[in-house]
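1. Below is the sequence, then the predicted model.
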Amino acid sequence: MANLGSSNNPLGIVGTATNDNAATGNVGEYIESVVTSSTNAVTSSQYGDLTSISLTAGDWDVMLEGRWNQNSSTWTEAFMGIGTASGNSGTGTSIANSEDWSFTSASIGTVNIGISPFRVSLSGTTTYYLKYLATYSAGTPQARGRLSARRIR
């Protein structure tokens, strides 16, 4: 492969020219964290972190795929979003920014959630969390999901 330069001396786009993974720091770098086991919601109406990824400086497209299961609970709301605040905080997740999704119907048994890729431009390493919250009683809903990002430049 031709010498395309480095991040300190760019000569062109550095990525990959085959079906492997782009190296760390290169265009196309992919990071994901997947929770495949059903995980109980935290205390009703409290935010939790289902998983997280750490992104280094650069421009990234961040996306989420998730699933809630009623799991015989009585629920009135389920939420998933992408945010930078950990723990019981929804800071940084906003419908206006297409970074979260929720419903408010007790009759839904399973909810699949997808948040389309959105751009974040970072000057330093930042952790992004797959935030989840459910308002429920009489049982505990469960969630699973994937939080992923691809370096776009």
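-> Nice, I can see it.
2. separation between D59 and A85?
-> To A85, D59 is 21 Å away according to CB to CB, to the nearest Å. C-beta: built from backbone N, CA, C; applies to glycine.
3. same question, I115
-> As defined by CB to CB, I115 lies at a distance of 17 Å from A85.
4. can you map out the helices along this protein?
-> Listed in chain order, the helices of the chain (DSSP state H) amount to none at all.
5. ranges for the strands of it?
-> With DSSP state E, the ranges of strands along the chain come out as 30-40, 48-55, 58-69, 74-83, 100-103, 110-122, 126-137, 142-151.
6. Export the ones you listed to TSV and append columns for mean neighbour count and mean pLDDT.
-> Below are the strands of the chain laid out as TSV (neighbours: other CB atoms under 10 Å; pLDDT from 0 to 100):
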stretch	mean neighbour count	mean pLDDT
strand 30-40	13	97
strand 48-55	18	97
strand 58-69	19	94
strand 74-83	22	87
strand 100-103	18	61
strand 110-122	14	90
strand 126-137	22	92
strand 142-151	21	96
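7. Dump the ones you listed into a markdown table; add distance to V14 as well.
-> Converted to a markdown table, those look like this (distance: least, CB to CB, whole Å):
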| stretch | distance to V14 |
| --- | --- |
| strand 30-40 | 15 |
| strand 48-55 | 18 |
| strand 58-69 | 12 |
| strand 74-83 | 27 |
| strand 100-103 | 33 |
| strand 110-122 | 18 |
| strand 126-137 | 22 |
| strand 142-151 | 10 |
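8. Quick check: chain neighbours aside, which residue is closest to W75?
-> Y136 (3.9 Å; CB to CB, 6 or more residues apart in numbering).
9. list the contacts for the one you found?
-> 41, 44, 73-76 (CB atoms under 8 Å, 6 or more residues apart in numbering).
10. Would you mind writing the CA trace of stretch 84-97 as PDB?
-> Output of stretch 84-97 as PDB, limited to C-alpha atoms (Å, rounded to 0.1, in the frame of the first residue of the first chain):
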ATOM      1  CA  THR A  84     -21.800  11.600  28.000                       C
ATOM      2  CA  ALA A  85     -22.900  11.700  31.600                       C
ATOM      3  CA  SER A  86     -22.600   8.400  33.500                       C
ATOM      4  CA  GLY A  87     -24.900   7.000  36.200                       C
ATOM      5  CA  ASN A  88     -28.300   8.400  37.100                       C
ATOM      6  CA  SER A  89     -28.200  11.300  34.600                       C
ATOM      7  CA  GLY A  90     -29.900  11.900  31.300                       C
ATOM      8  CA  THR A  91     -27.700  15.000  30.600                       C
ATOM      9  CA  GLY A  92     -26.800  15.400  27.000                       C
ATOM     10  CA  THR A  93     -29.600  13.200  25.600                       C
ATOM     11  CA  SER A  94     -32.200  15.200  23.700                       C
ATOM     12  CA  ILE A  95     -34.900  14.300  21.200                       C
ATOM     13  CA  ALA A  96     -34.100  17.500  19.400                       C
ATOM     14  CA  ASN A  97     -30.600  16.100  18.700                       C
END
